[in-house]
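Q: Let's see this in three dimensions:
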Amino acid sequence: MIKRVLIVDDEKDIRRVVQISLEKFAGWQAFLAESGEEGLLKAKTEQPLDAILLDVSMPDMDGFQVYDRLRSDVATRSIPVILLTAKVLPSDSQRFAKMGVAGVITKPFDPMTVWNQVNTILGW
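A: As a prediction, the model looks like this:
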């Protein structure tokens, strides 16, 4: 079965690189959103989704706010979320663990293997 993954990131180049990695190397279907609001909308309209890759640092609505809204909605609360972030401090790691995210991928990442990181984190 082909995995369906939503990529939410305000940086166009990041969205595109991750999309290419997931589609070309893993054979998955990727959906793109450039903002938290668009990500929330697509999380509902592109069901069923197997995972969401969510940027932490975005304008208007950051990844933490998006994550909270995903978890508060019965339609999206069970979708595994992997955070994409450039900033991982020791306190961040503790916060991520308490949030219940599936995992964290730090930027910069290797475009050739990011699909495998997702695969490993989610046990696919």
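
Q: Helices of the protein, residue ranges please.
A: 12-20, 36-45, 63-72, 90-99, 114-122 (DSSP state H).

Q: List of residues touching the second one?
A: Spelled out, that is helix 36-45. With CB atoms under 8 Å, 6 or more residues apart in numbering as the test, helix 36-45 has contacts from 6, 8, 31, 33, 49, 52, 54, 58, 60-63, 65-66, 69-70, 73, 75-76, 79. Just so you know, the C-beta spots here come from the backbone N, C-alpha and C atoms, and that holds for glycine as well.

Q: so where's the chain shaky on pLDDT?
A: 90 (pLDDT under 70).

Q: Need the residue closest to the centroid of it.
A: Leu53 (0.8 Å; CA atoms, centre = their mean).

Q: Now restrict the contacts of helix 36-45 to buried residues only.
A: By neighbour count, with 16 or more other CB atoms under 10 Å, the contacts of helix 36-45 hold 6, 8, 31, 33, 49, 52, 54, 58, 61, 63, 66, 69-70, 76, 79 as buried.

Q: mind checking how far Gln48 is from Ile14?
A: Quick fix: residue 48 is Pro, not Gln. 24 Å (CB to CB, to the nearest Å).
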